[in-house]
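Asker: this one's sequence-less:
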């Protein structure tokens, strides 16, 4: 007997609905507990919904042709134009000064960053500002950790202020247009978003003592000269042909051998059984005075320069700092057991955790998220293009862009795009496409730079989230949940708005914002319709709640990007993030109600 | 003959290793594994035929030192027809005193 997908099972939900619920629960579980890529998770989920008949072919493909996805992709080209003509760098150079008080520094940083974030990708801004803030913190003699978290909070709060500031806003606007045929203005969310931003910034400045003060991870390596020394094996050394262990060069008085490199770049075995060869470079860590006795006892030659100047000995190499990111496959493993050194021709020199160098052989340290690694890399290693980027986050992002006439051109293009879309002269899609074409036409960025700036993974995740949202709406789950919420909190629209927002706010701490937005859009929409109100204000409140992901480093990409460089602990985000999240969400709901009085349908 | 080729044969106490163009990280581990089979067989001399050898890396040097240490009682290492580039590498790593060089027409 064939089982129809329309048969109603438990709680009045069809088989399709239960399949969708199971898929959503599985997605959340996979995102929380595994390191599988979000885009892959979403695509598999869509596949499951299609194969099981929940979605037909047209619905399955709808996400990929959605305006949201196209706008997000094209907007990345516009951002590339701004980036490569130096607009962002010009702003960076001119907004920071030398404030003499910490609270002034916070204000001076957060206000302009949040304003920029309203029009620029949050992740791009975080990457660009990361190193600038590190240097600025050094000038101000404060820990970078006192600036990084406020920066990412400002970036996220600012991003909510326009439709293009964050992809979640674009998702809501696009789904709203699909559901009602009405368009949202670029600045529909500006008033409530700006109020949340002001409240958020004031809260952070007032509660600045709650911001964690962590030792900068790089400090653990700054005094490397004091604990490392490089010795060379001359070609006439009597220990040649012996193993390191036999020669007494592995465990030495006062320290340990931490690195050996032969005359070439072939991998050397870091063990007592490795042979000593002329030209070997042996790097020791420990008490330098005692280690230097090896010169006399083992006929070694001290290098003129300590390890931090290794690039002066070998012009082809340089020291670079990287952090173990949250989704790295290196977590729980040692570098010695991975092939990362051999595959990328890099050598691990030292490991630090929470600002302290780990006193052990670097290759044998079991790595944790946030660990700081000091690598010796061939010069000009493109750590962003190589497979290192998927495992590690390199901190030494240096992008030098000259400003010139094109800086003005790209600024004008961006301004024109904002004005034309804000005045509804052109739609958001038309505006972004025109701006992207103009950026390319005026050579504000090259075709390659434009294509490289598009995050195809993010677009796939976005498309998947939209399809998932439509499945939640189509199968009646949204309506059921909306009714359940109404039965719990009553039919008062403010209670409903607040109830859904708080639920979205909770889940967004653990799951990607876009997925949360796509899941909660149909629920919020249905809830508003059920109680007979125009859904637009409810959805604006949802934008703010779904973006209020301040409590965990995994809640949003900017949070994750500063976890390692800031030397933070997981709990650091909660201390100030929890009250900030609640405050912003409640302020968001209140601001929306004030700015857009609720109207009966 | 491929560039990473090698051949190992034993005639009495002499182990002969015929090398291809390269002895590097690509083929050195496999050669070490092959040589490992002759441990404990009282090898007195290991002859490397380097007529075709044009490149040797530290991984290749490791194989030579491995033979010296683990085959028999410190067997004599002989290199046949070693070219100048290879000799320069041996000179850099300081193992020339441990090798006998022979040139065959």
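Answerer: Arrived safely. If you're wondering where the values come from, they're calculated on a predicted model, not measured in any experiment. Residues are numbered from 1 along each chain as shown, chains lettered A, B, ... in the order given.
Asker: Quick check: which ranges of chain B have low pLDDT?
Answerer: Applying pLDDT under 70 to chain B flags the ranges B:1, B:105.
Asker: buried ones in the longest helix along it?
Answerer: For chain B, the helix with the greatest residue count under DSSP state H is helix B:58-70. By neighbour count with 16 or more other Cβ atoms under 10 Å in any protein chain shown, helix B:58-70 contains the buried residues B:58, B:59, B:60, B:61, B:62, B:63, B:64, B:65, B:66, B:67, B:68, B:70. (Each C-beta comes from the backbone N, C-alpha and C, glycine too.)
Asker: so the last one makes contact with residue B:38?
Answerer: So the one you mean is residue B:70. No - between residue B:70 and residue B:38 there is no contact under Cβ atoms under 8 Å: 9.4 Å.
Asker: element containing the residue nearest to residue A:279 when sequence neighbours are not counted, please.
Answerer: Distance criterion Cβ to Cβ, 6 or more residues apart in numbering or on different chains; nearest residue to residue A:279, sequence neighbours excluded, is residue A:263 at 3.7 Å. Assigned by DSSP states H and E, residue A:263 belongs to no helix or strand.
Asker: From chain B, how far off is residue A:13?
Answerer: 59 Å (Cβ to the nearest Cβ, to the nearest Å).
Asker: May I ask you to confirm that that residue is in contact with residue A:479?
Answerer: No - judged on Cβ under 8 Å, residue A:13 makes no contact with residue A:479 at a distance of 10.0 Å.
Asker: List the buried residues for the one helix or strand residue A:506 maps to?
Answerer: Assigned by DSSP H and E, residue A:506 belongs to helix A:493-507. Going by neighbour count (16+ other Cβ under 10 Å), the buried part of helix A:493-507 is A:493-494, A:496-505, A:507.
Asker: Please apply the same query to stretch A:201-210.
Answerer: By neighbour count on 16+ other Cβ under 10 Å, the buried set for stretch A:201-210 is A:201, A:203, A:204, A:205.
Asker: What residues does chain B have near chain A?
Answerer: B:24-25, B:57-59, B:61-62, B:65-66, B:68-69, B:89, B:91-95, B:98 (Cβ under 8 Å from any Cβ of the partner chain).
Asker: so what secondary structure elements neighbour the helix holding residue A:506?
Answerer: Helices and strands touching helix A:493-507, as assessed by 3 or more Cβ pairs under 8 Å, 6 or more residues apart in numbering or on different chains; DSSP states H and E, comprise helix A:477-489, helix A:513-530, helix A:536-547, helix A:570-595.
Asker: closest one to chain B among the ones you listed?
Answerer: Chain B lies closest to helix A:570-595 among these, at 40.1 Å (Cβ to the nearest Cβ).
Asker: center of chain B, which residue is that?
Answerer: residue B:48 (4.3 Å; Cα atoms, centre = their mean).
Asker: got the contact list for it?
Answerer: Counting by Cβ atoms under 8 Å, 6 or more residues apart in numbering or on different chains, residue B:48 touches B:17, B:19, B:64, B:77, B:78, B:79, B:80.
Asker: With respect to residue A:341, which of these is nearest?
Answerer: Distance to residue A:341 across the contacts of residue B:48 (Cβ to Cβ) is lowest for residue B:64, with 24.1 Å.
Asker: Spatially, what comes nearest to that closest one if we skip its sequence neighbours?
Answerer: Closest to residue B:64 by Cβ to Cβ, 6+ apart is residue B:77, at 6.1 Å.
Asker: Just to be sure, the one you found is in a strand?
Answerer: Yes - Residue B:77 forms part of a strand when assessed by DSSP: H, G, I helix; E, B strand; the rest coil.
Asker: follow-up on the earlier one: would JSON lines of the buried residues of helix B:58-70 with distance to residue A:449 be doable?
Answerer: Below are these laid out as JSON lines (distance: Cβ to Cβ, whole Å):
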{"residue": "B:58", "distance to residue A:449": "40"}
{"residue": "B:59", "distance to residue A:449": "40"}
{"residue": "B:60", "distance to residue A:449": "43"}
{"residue": "B:61", "distance to residue A:449": "45"}
{"residue": "B:62", "distance to residue A:449": "45"}
{"residue": "B:63", "distance to residue A:449": "47"}
{"residue": "B:64", "distance to residue A:449": "50"}
{"residue": "B:65", "distance to residue A:449": "50"}
{"residue": "B:66", "distance to residue A:449": "50"}
{"residue": "B:67", "distance to residue A:449": "54"}
{"residue": "B:68", "distance to residue A:449": "55"}
{"residue": "B:70", "distance to residue A:449": "55"}
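Asker: Need the pLDDT of the residue of chain A positioned farthest from its centre.
Answerer: Note on chain A: the largest C-alpha distance from the chain mean falls to residue A:238, namely 52.5 Å (Cα atoms, centre = their mean). Looking at residue A:238, its pLDDT is 92.
Asker: Since that was my last question, I'll sign off now.
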